[in-house]
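Undergrad: Structure for the following, please:
(2 chains)
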2 protein chains.
Amino acid sequence: MPTRFHADTVLPCDPAFAVHRPGVVDVDDDGRLAWVGPAAEAPPSEAAVVRLRGLLMPGLVNTHCHSPMALLRGAGEDLPLLRWLQEVIWPREAGLTPEDVYWGMTLAAAELLRGGVTTSVEMYFHSEAIIDAVRDAGSRAVVTPTVMEAPGMEHMGPWSAQLEEHLALAAARQDPTGRIEVGIAAHGAYTLPLEALRAIGAAAAEHDLLAHIHVAESRGEAAELEAAEGKSVPAILADLGFLDAPRVLTAHAVWLADDDLERYATHDVAVAHCPQSNTKLASGIARVADMLERGITVSLATDGPASNNNLDLWEEIRLAPLLQRVATGDATAVPAATALSLPTAGGAAAIGRDDLGVLEAGRRADLVHVDTDDLAFTPVTADADVVAHLLWSAGREHVRDVWVGGRQVVADGVCTTVDVGRARAEVTQRARRLAAQA
Amino acid sequence: MPTRFHADTVLPCDPAFAVHRPGVVDVDDDGRLAWVGPAAEAPPSEAAVVRLRGLLMPGLVNTHCHSPMALLRGAGEDLPLLRWLQEVIWPREAGLTPEDVYWGMTLAAAELLRGGVTTSVEMYFHSEAIIDAVRDAGSRAVVTPTVMEAPGMEHMGPWSAQLEEHLALAAARQDPTGRIEVGIAAHGAYTLPLEALRAIGAAAAEHDLLAHIHVAESRGEAAELEAAEGKSVPAILADLGFLDAPRVLTAHAVWLADDDLERYATHDVAVAHCPQSNTKLASGIARVADMLERGITVSLATDGPASNNNLDLWEEIRLAPLLQRVATGDATAVPAATALSLPTAGGAAAIGRDDLGVLEAGRRADLVHVDTDDLAFTPVTADADVVAHLLWSAGREHVRDVWVGGRQVVADGVCTTVDVGRARAEVTQRARRLAAQA
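TA: Sure, this is the predicted structure:
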């Protein structure tokens, strides 16, 4: 049934960053947006009207998650990275079953939706279980099964067999409604042979899959490879043809030199910026202001809940400008409209989806209703104040209702599509088993 | 009536950073703690028992606020600092009445309490109105009336008259129950004559007042003074005797050289670290890891809601370790127990109050009940997980109940001591008047 939403404020997150007060959003029978604009200009309609006190904006896009790691939230805090991986994370991951991943993803989906994230890009193992969980939870995801060869990961088999299996999954599980898309991930340039990177890039191009990869998260992580090849990881990826895939999404991208940024701009490579993960793990501060200046597509991501330790994208929306400001010394770097465009229009662009990220006729009705009837939104003396409050004063707890493709999945702050009590019990019991086995 | 709280987890934030699961906290008739420890060791009691599902911890201490600036929340975002002050903030502040400040502080008190902050240190104008608002809101505060001489602030009169007036207020309004304490603030070394700093320091020592001052917020803010004197601001303050006051609290302290840190350690000068304000305004990253290594007392603060733009101390609890980790390159810098000690034990120590900040017999019953029955606290496989989740996964929205001196001021997430609807209406109306006048 078509619906007309009438809200105090509509923030389409379009390029002009319009603020409609009050605004109207029309949703059609197919869960797409039919009209968006100021209430005074809305066309006649016979749709049922839903009055929303507060603000309506696009669902957020979290472009780099290992969401099932909700199973490992908080495990082994305050250890140096390598000890944390070797002593805590890898031994637990070795015991993961598809059912564990299903329940980790299910709990994560509830957390994502409750926090206004309607789309996540998932890079993890047991991708079929992730797809099933996303299907059942009603969220939207681009699932990118990971090809990886690393010490301790021999049980994953050779890269070529992994790739073959992932391509079969991609062929079988694309969702024609656009709710579940299957891409492909290369874990990283230093965890795969170069021929694997070439093959993954070529397969992504052939089947038009989102090609997802970790790049330059920490300084020197690929020092050996870069010394052997005499060039940076982005240059290696460019020369292998990986960057010629139509949609390339690189996570982190912290340590990029100027010529790497040029390469990103030339090849239209997108960045999944993970500010909290990068600071918590002492990786560094990505050059987001420089990227934006060069027209590079930048999106936001939480990384996995084992290293963040949640899936709260609002923290990242604030942290991105904070870090750019202190790193550049410019208190006007990444202004409010830019910051709020990163997880919306930027997220959709980063995954090459022109049907998401902006409230505009024809795109999908992924909607977030933010409750502005709160002291966090007080006072308002001008339209711009609402935007400033949304960015700097409010948070995930102000998300009241969420729709994915026109279907309501969060009502009054509660995720209605997931049995959260059961998911918490399953995750707790499975996390204890994994800890005991490790 | 004495009360026994029985909670799933009690986190006293004591030096050993004990975690009692389950734990007991006994509160006596005078609103002080009578006993704190593991439930299994609790002494016999006939007090009424309150069962709390979740975690009980000390009320947070926010050591550098200009809380009434809730009136100016969000005004003039994304301007360079000087234009923001000259075009937006100062013209509005020129129109402030004591009633404006009363309502700004009232709304801020509700925000502070709801977020688990039971004590704030206030540096602003119209201090009598601040005291009245704190009295009525049921929060706890150290109000430090500000002495300042700066261009555009001539209406405040000469520093000596300001100091005299503030000392009279301090003599008249000290609250024998410890809920409202009046200290004294020097705005900064570069906004006052040296003789004023000397006199303020001497008065603080004579009357045992907390001496509060901005130090080294931005690089070069006091360049002229430092060049003329041939030494740093902390050295100037030391030579003037200001640092000999028994309790000196310096806000920001971003740009301190090694010898300044030595001076801080020698004179037992405390720091109000404001990570979000310092990054948002591109001021810099304070050397917190170095300070802690030298035994300097570090506390946390939000700064004013015009530049933060809220009074959410949980953001600061996370941002402090994030910034230290990325600045030092050490992913284990400021571990969880240290981070959670900064706004509790650290806050109390920073203001020289041995009756706050730690759950320990004899101290005041300023208590925060955190709801752990949520996916943010899932899974728990070991006691340390609860602490990790509290720091990295939860947030202000998990604060359920709050007590100040044994009196409940927040119940089920709602501040019961403030008419928030009225406060919001008053702040909105007054903010519009100030904006129109400016």
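
Undergrad: Could you use CA atoms for every contact and neighbour count after this?
TA: Noted.

Undergrad: how much space between residue A:212 and chain B?
TA: Residue A:212 sits 25 Å away from chain B, going by CA to the nearest CA, to the nearest Å.

Undergrad: partners of the strand or helix carrying that residue, with directions?
TA: Element membership of residue A:212 [criterion: DSSP states H and E] is strand A:211-215. Sheet pairing of strand A:211-215 (DSSP bridges) gives strand A:184-188 (parallel), strand A:248-252 (parallel).

Undergrad: Now do it: everything it contacts.
TA: With contact meaning CA atoms under 8 Å, 6 or more residues apart in numbering or on different chains, strand A:211-215 is reached by A:144, A:183-189, A:200-201, A:204, A:233-234, A:245, A:247-254.

Undergrad: Next: stretch A:323-338.
TA: The contact list for stretch A:323-338, computed with CA under 8 Å, 6+ apart, reads A:13, A:17, A:275, A:285, A:287-289, A:320-321, A:387-388, A:391, B:77-81, B:278-285.

Undergrad: What subset of those residues is buried?
TA: A:13, A:17, A:275, A:285, A:287-289, A:320-321, A:387-388, A:391, B:77-79, B:81, B:278-285 (16 or more other CA atoms under 10 Å in any protein chain shown).

Undergrad: for chain A, longest strand please?
TA: Selection of the longest strand in chain A by residue count, based on DSSP state E, yields strand A:48-58.

Undergrad: Show me what secondary structure element comes after that one.
TA: Toward the C-terminal end, the helix or strand that comes next after strand A:48-58 (DSSP H and E) is strand A:60-65.

Undergrad: ok, is that next one in contact with chain B or not?
TA: No. No part of strand A:60-65 sits close enough to chain B to count as contact by CA under 8 Å from any CA of the partner chain; the gap is at least 15.4 Å.

Undergrad: between that strand and strand A:248-252, how big is the angle?
TA: When axes from the mean of the first three to the mean of the last three CA atoms, to 10 degrees is applied, the directions of strand A:60-65 and strand A:248-252 differ by 80 degrees.

Undergrad: which strands and helices sit next to strand A:60-65?
TA: In terms of contacts (3 or more CA pairs under 8 Å, 6 or more residues apart in numbering or on different chains; DSSP states H and E), strand A:60-65 is packed against strand A:117-122, strand A:298-300, helix A:345-350.

Undergrad: The second one pairs with which strands, and in what direction?
TA: It stands for strand A:298-300. When pairs are called by DSSP bridges, strand A:298-300 turns out to pair with strand A:270-273 (parallel).

Undergrad: Now do the following helix or strand past the partner strand: which elements does it pack against?
TA: Downstream of strand A:270-273, the next assigned helix or strand under DSSP H and E is helix A:275-280. Secondary structure elements in contact with helix A:275-280, counted by 3+ CA pairs under 8 Å, 6+ apart, are helix A:313-328, helix B:313-328.

Undergrad: Run the chain-centre distance for helix A:275-280.
TA: From the chain centre to the centre of helix A:275-280 is a distance of 15 Å (CA atoms, centre = their mean, to the nearest Å).

Undergrad: Check which element follows it along the chain.
TA: helix A:288-293.

Undergrad: Please list all residues in contact with residue A:425.
TA: If a contact means CA under 8 Å, 6+ apart, then residue A:425 has no contacts.

Undergrad: Residue A:381 now?
TA: Listed by CA under 8 Å, 6+ apart, the contact partners of residue A:381 are B:428, B:431, B:432, B:435.

Undergrad: check those against chain A, which are close?
TA: Contacts with chain A within the contacts of residue A:381, counted by CA under 8 Å from any CA: B:428, B:431, B:432, B:435.

Undergrad: Closest to chain A out of those residues?
TA: Nearest to chain A among the ones next to chain A among the contacts of residue A:381, counting by CA to the nearest CA, is residue B:428 at 4.6 Å.
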